[in-house]
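*Asks:* show me the folded form of this:
(2 chains)
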2 protein chains.
Amino acid sequence: MPENRKKHQLVILRLGHRIPRDVRVTTHVCLTARALGADGVIVADTSDKQLVDTINRVTARFGGSFDVETGKPWRSAINDWKKSGGKVIHLTAYGIPLPRIIGRIRRSAANKLVVVGSEKVPGEVFHLADWNVSVTNQPISEVSALGIFLDWYYGHRRLERIFPDAKLRIIPTERGKRITKA
Amino acid sequence: MPENRKKHQLVILRLGHRIPRDVRVTTHVCLTARALGADGVIVADTSDKQLVDTINRVTARFGGSFDVETGKPWRSAINDWKKSGGKVIHLTAYGIPLPRIIGRIRRSAANKLVVVGSEKVPGEVFHLADWNVSVTNQPISEVSALGIFLDWYYGHRRLERIFPDAKLRIIPTERGKRITKA
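*Replies:* From the prediction side, this is the model:
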C-alpha cells in the first residue's frame, strides 16, 4: 500500500478556462491546489497540453502526486463525481460563509470536488453543488478563495507538509534562497 | 473619529507588474487584499490607471475604504515604509513557514507592508524585509499566498466582515444569487 494513500480524494474542477486569456490564472489555481495538498485538477471543456506539462514538471521536481486532466465537459465531470458518491463544493461569493459551513463539509467522508469558475459560471452549477461556499461575500479571486478554502478544509495543517519523491526541496530560511537536490 | 479608524495599517506592495501580462493576476491580488481587509495596495514601478479605476469601482459598489496607488519605485516604497517605523513582510516560498512566524508578526504593533512578487523578485528584497514568510515551501501563487497570509494575520476572523458604505451587498444563500441595493 503506498505511503501516501488517502482515505478520500479532493479534486478541483476549474470552469471557463480560455486560451490564452486564462492560462496564468488557471496555472495559479493548479499550483495552489497542489501546494495545499489537493489530489488533482480537472480543467473543464478545454484541452490544454501545455498547462498539463507545466504542472507535471512542477510535480516531478517538487514531489508528491498530483493529477491534471483537461477537456472533460463540466456537466459530466460534476455528474460522474456525484454518481460515484462524491460531494460537490462550489466556491462563490454568493454562497454560505466558509466559517459557518466548513464543519459540515469536513464531517463528510465522501470524495470532494471543489468547483471554481472564472468570470461566468452557469446557473446550473449552483443547483448541482451540494454546498455553495463563500470565502468572503466580496468580489475576490478564485485563486485565493481556493487557497483559503483548502487551508481551512485541511485544518490549517498543510502549510509545512513535506512532499515525497521530490528532486528539489526548499529549505526555509530567514534571508535568501536555500534549495537542496535529492 | 471615523468608525473604521484602525490602530495600524496593512498595505500590499505588488512587485513586477507588467502590462498587459500581469493585469489579471494583479487585479486578483488587489481584490484579495480588499476582500480580506487590507487597507490598500501599492503597485510598484508601473502606472496603471485602468487597474486603479477597476478596483476603485469595486470599492465604490461593495463598500469599505481601500487605496490603490501605482507607479511608485519599489525601493522607495519599502524604504519609506521602514523610515516611518513600519515593518516589511515578504511572501516567498523560500521563507520561514507562516505557522512558525505568524505569532511574532501579529504581536508587532507596527504598520505592515506585505510584499508580493511576480516571477522574479530582486534579491535585495529578501534583505530589506523584516520577515520572509512562506505559505508552503512549494511553488504557489502569490494570490493564494496573500489570501492565506491575510486570513491568518487577521486571526481567521475577516471572512464575514460587513463593509461600510456599500451600494451592493451579497446576501449569503444556499442556492443561487441574492444581492441587495442599499
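
*Asks:* all helices of chain A, in order?
*Replies:* A:23-36, A:49-62, A:74-83, A:98-107, A:123-128, A:142-153 (DSSP state H).

*Asks:* measure the nearest residue to A:A44 once chain neighbours are set aside to chain B for me?
*Replies:* Counting by Cβ to Cβ, 6 or more residues apart in numbering or on different chains, the nearest residue to A:A44 once its immediate chain neighbours are dropped is A:W74, at 3.8 Å. C-beta coordinates here come from the backbone N, C-alpha and C atoms, glycine included. For A:W74, the distance to chain B equals 18 Å [Cβ to the nearest Cβ, to the nearest Å].

*Asks:* now mean neighbour count, mean pLDDT and distance to B:S118 too, for the helices of chain A, in CSV please.
*Replies:* As requested, the helices of chain A are exported to CSV (neighbours: other Cβ atoms under 10 Å in any protein chain shown; pLDDT from 0 to 100; distance: least, Cβ to Cβ, whole Å):
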stretch, mean neighbour count, mean pLDDT, distance to B:S118
helix A:23-36, 25, 98, 10
helix A:49-62, 16, 98, 16
helix A:74-83, 17, 98, 29
helix A:98-107, 14, 98, 27
helix A:123-128, 14, 97, 31
helix A:142-153, 27, 98, 13
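
*Asks:* would you turn those helices into CSV with distance to B:I179?
*Replies:* Putting the helices of chain A into CSV (distance: least, Cβ to Cβ, whole Å) gives the following:
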stretch, distance to B:I179
helix A:23-36, 24
helix A:49-62, 33
helix A:74-83, 24
helix A:98-107, 19
helix A:123-128, 14
helix A:142-153, 18
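
*Asks:* for B:V23, which of these is the nearest?
*Replies:* Closest to B:V23 of the helices of chain A, according to Cβ to Cβ: helix A:23-36, at 10.1 Å.

*Asks:* keeping just the C-alphas, turn that closest one into CSV.
*Replies:* Provided in CSV are the C-alpha atoms of helix A:23-36 (Å, rounded to 0.1, in the frame of the first residue of the first chain):
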residue,chain,number,x,y,z
VAL,A,23,-3.6,30.4,-18.8
ARG,A,24,-1.8,32.2,-16.0
VAL,A,25,-4.8,32.3,-13.6
THR,A,26,-5.5,28.6,-14.2
THR,A,27,-1.9,27.8,-13.6
HIS,A,28,-2.2,29.7,-10.3
VAL,A,29,-5.3,27.5,-9.5
CYS,A,30,-3.3,24.3,-10.2
LEU,A,31,-0.2,25.4,-8.2
THR,A,32,-2.4,26.4,-5.3
ALA,A,33,-4.3,23.1,-5.3
ARG,A,34,-1.1,21.1,-5.4
ALA,A,35,0.8,23.2,-2.8
LEU,A,36,-2.1,22.9,-0.3
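
*Asks:* contacts for it?
*Replies:* Contacting residues not belonging to helix A:23-36 are listed as A:12, A:14, A:17, A:40-41, A:43, A:48, A:50-51, A:54-55, A:58-59, A:64, A:66, A:68, A:116, A:118, A:141-143, A:146-147, A:150-151, A:154, A:158, B:21, B:24-25, B:28, B:135-136, B:138-141, B:143-144 [Cβ atoms under 8 Å, 6 or more residues apart in numbering or on different chains].

*Asks:* got the angle between that helix and helix A:142-153?
*Replies:* Helix A:23-36 runs at 10 degrees relative to helix A:142-153, counting by axes from the mean of the first three to the mean of the last three Cα atoms, to 10 degrees.

*Asks:* give me the distance from helix A:23-36 to the chain's centre.
*Replies:* 7 Å (Cα atoms, centre = their mean, to the nearest Å).

*Asks:* what's the angle between that helix and helix A:49-62?
*Replies:* Going by the same axes, to 10 degrees, helix A:23-36 makes 30 degrees with helix A:49-62.

*Asks:* returning to what we had before: to A:D165, which of the helices of chain A lies closest?
*Replies:* The nearest among the helices of chain A, by Cβ to Cβ, is helix A:49-62 at 8.9 Å.

*Asks:* that closest one and chain B, are they touching?
*Replies:* Yes. If you take Cβ under 8 Å from any Cβ of the partner chain as the test, helix A:49-62 does meet chain B, through A:58, A:62.

*Asks:* thanks a lot, see you next time.
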